[in-house]
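Give me coordinates for this.
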Amino acid sequence: MMALLDPRAGHYSLLITDDDESCRDSIKDIFEPKGYTTYLASCGKEAIKIARNEEVHLLILDAHLPDYSGLETFKIIKKEISLTIPCIFISGAITKELQIDLITANAYTLI
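As a prediction, this is how the structure comes out:
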């Protein structure tokens, strides 16, 4: 996985998906000043559309979205767009079941 402070950051893009606008913006504000391109989505359908139309190197997905779950969104993107795209999941409600499901889906990590 790419180093977060890599001077070549401008060559990498992140898709940040969360139904909480302030959370999306906070994550964007961390990465954009480092030179990363960021795409923002508020739901799974929007994230899938962006992933189909843009080159995305890393997904940051809320585990709980209003339409598809973060896990469903990740599985669709992996199946239709990129089998190898890494994904960091974020959640305010972490359960053992969620942890097992994300490990099974080969998520990079859960925060």
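
Quickly list what Ile88 is bridged to.
Residues in a beta bridge with Ile88, per DSSP bridges, are Ile60, Thr109.

I'd like to know which helix or strand in this structure has the lowest mean pLDDT.
Lowest on mean pLDDT, DSSP states H and E among the helices and strands of the chain sits strand 109-110, with a mean of 72.

Pull the distance from that strand to the chain's centre.
Computed by C-alpha atoms, centre = their mean, to the nearest Å, the chain-centroid distance of strand 109-110 equals 11 Å.

other SSEs contacting that strand?
strand 87-90, helix 96-104 (3 or more C-beta pairs under 8 Å, 6 or more residues apart in numbering; DSSP states H and E). Bear in mind the C-beta positions are built from the backbone N, C-alpha and C, glycine included.

Show residues contacting the first one.
Spelled out, it's strand 87-90. Strand 87-90 is touched from outside by 18, 23, 58-63, 70-71, 74, 102, 107-111, with contacts defined as C-beta atoms under 8 Å, 6 or more residues apart in numbering.
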